[in-house]
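Asker: Fold the following and give me the result.
(one chain, ligands or ions: 1)
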Amino acid sequence: MQLTEQQIQDNWSKMRTIINNTFSGERLENLNKMYDDLEDRMVIAPASGKEHFHNAFVGGYVDHVLHVVDFSLKVNQIWKDSGAHINYTDEELIFAALHHDLGKVGDLEGEYYVPNDSDWHRKNQGLIFKHNDEIQYMTVTDRSVFLLNQYGIKMSKWEYLGLRLTDGMYEDANKGYYTGYIHATRLRSNIAYVLHQADMMATHIEYDRWERGDKVESEKVKKSVNKIKDAVDTEIKEKFTKSTDAKDIFNELFGEAKK
Ligand SMILES: [Fe+2]
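Answerer: Numbers count the residues shown, from 1 in each chain. Coordinates of the predicted model:
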């Protein structure tokens, strides 16, 4: 699965437009500074390293984040219409969706994903990208928060909790937030649930798209192989049927009745 150059560019301008239309003042200035600085790396970053995960291709990161922004707003609407208490703004929701995977872009020194130079791992295990071992290890979420901090981008409590908990219970460190069995430690906003659902949806739908693309691709290969086979068969048939001797050999080989 690959995005065209045009799709990559369109996704990037869509992302910048969302940022410019959602935020304002000093926060917008700082966000634009960060996005300008990270542009070269962010535009090409994948969303994961393994092709059977999701969006493990050039431009996959931005593509994934755009899905999460889109699905967050849709999922949020369902929660709202179903009677949920929404104590955060769309701006807060979009901020958290936009930055929940920011750490996948890398840190100030280097990118997080680098192309896998092992042909064997690419072919046999689908490990298209590998982690850059030149940069300091941090969880993706920690690196997201660190990067925002480096650019002086402040966030609200709900924005922080939203992006911090987007992975739901798939991240062990989130357990304490999600299993607040004591009333006092409960999550006091639905923003984390909405983001987690949106992120899950995006991840699984991106996987489905990859799988479907793969099937379409192998169907195409099968069709063209069959075409070649048919063309070769016809050529052989024509050659043999030109002479009577050859016709006999042909009939013997392919079992057609003599006329
Ligand atoms: Fe994500």
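Asker: CA atoms for contacts and neighbours, from now on please.
Answerer: Noted.
Asker: pLDDT weak spots in the stretch 51-200 of the chain?
Answerer: Applying pLDDT under 70 to the stretch 51-200 of the chain flags residues 122.
Asker: switch to 50 and redo it
Answerer: Nowhere does the stretch 51-200 of the chain drop to pLDDT under 50.
Asker: how about the helices of it, start to end?
Answerer: Assigned by DSSP state H, counting those that start in this stretch, the helices in the stretch 51-200 of the chain fall at 60-81, 90-99, 119-125, 140-150, 157-164, 175-178, 191-241.
Asker: Any chance of TSV for these, columns distance to Gly25?
Answerer: Below are the helices of the stretch 51-200 of the chain laid out as TSV (distance: least, Cα to Cα, whole Å):
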stretch	distance to Gly25
helix 60-81	21
helix 90-99	13
helix 119-125	45
helix 140-150	16
helix 157-164	17
helix 175-178	32
helix 191-241	24
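Asker: for these, which one sits closest to Met15?
Answerer: helix 60-81 (6.9 Å; Cα to Cα).
Asker: about what we covered before: please produce JSON lines containing the helices of the stretch 51-200 of the chain, extended by mean neighbour count and distance to Val43.
Answerer: Putting these into JSON lines (neighbours: other Cα atoms under 10 Å; distance: least, Cα to Cα, whole Å) gives the following:
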{"stretch": "helix 60-81", "mean neighbour count": "20", "distance to Val43": "7"}
{"stretch": "helix 90-99", "mean neighbour count": "22", "distance to Val43": "14"}
{"stretch": "helix 119-125", "mean neighbour count": "12", "distance to Val43": "22"}
{"stretch": "helix 140-150", "mean neighbour count": "18", "distance to Val43": "16"}
{"stretch": "helix 157-164", "mean neighbour count": "21", "distance to Val43": "21"}
{"stretch": "helix 175-178", "mean neighbour count": "14", "distance to Val43": "32"}
{"stretch": "helix 191-241", "mean neighbour count": "16", "distance to Val43": "18"}
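Asker: Go through these and name the closest to Ala47.
Answerer: Comparison of these against Ala47 by Cα to Cα identifies helix 60-81 as nearest, at 4.1 Å.
Asker: elements contacting that closest one?
Answerer: Judged by 3 or more Cα pairs under 8 Å, 6 or more residues apart in numbering; DSSP states H and E, the packing partners of helix 60-81 are helix 5-22, helix 25-44, helix 90-99, helix 191-241.
Asker: out of those, which comes closest to Asp63?
Answerer: Comparing the helices and strands packed on helix 60-81 by their distance to Asp63 (Cα to Cα), the top pick is helix 5-22, with 6.5 Å.
Asker: Alpha carbons of the closest one, as PDB, please.
Answerer: Extracted in PDB, the C-alpha atoms of helix 5-22 (Å, rounded to 0.1, in the frame of the first residue of the first chain):
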ATOM      1  CA  GLU A   5       2.800  12.200  -4.000                       C
ATOM      2  CA  GLN A   6      -0.400  14.200  -4.500                       C
ATOM      3  CA  GLN A   7      -2.300  12.400  -1.700                       C
ATOM      4  CA  ILE A   8       0.700  13.000   0.700                       C
ATOM      5  CA  GLN A   9       0.700  16.700  -0.200                       C
ATOM      6  CA  ASP A  10      -3.100  17.000   0.100                       C
ATOM      7  CA  ASN A  11      -3.000  15.300   3.500                       C
ATOM      8  CA  TRP A  12      -0.300  17.700   4.700                       C
ATOM      9  CA  SER A  13      -2.300  20.800   3.600                       C
ATOM     10  CA  LYS A  14      -5.400  19.400   5.200                       C
ATOM     11  CA  MET A  15      -3.600  19.000   8.500                       C
ATOM     12  CA  ARG A  16      -2.200  22.500   8.400                       C
ATOM     13  CA  THR A  17      -5.600  23.900   7.500                       C
ATOM     14  CA  ILE A  18      -7.200  22.100  10.500                       C
ATOM     15  CA  ILE A  19      -4.500  23.600  12.800                       C
ATOM     16  CA  ASN A  20      -5.000  27.100  11.400                       C
ATOM     17  CA  ASN A  21      -8.800  26.900  11.600                       C
ATOM     18  CA  THR A  22      -8.900  25.400  15.100                       C
END
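Asker: Thanks again, I'm all set now.
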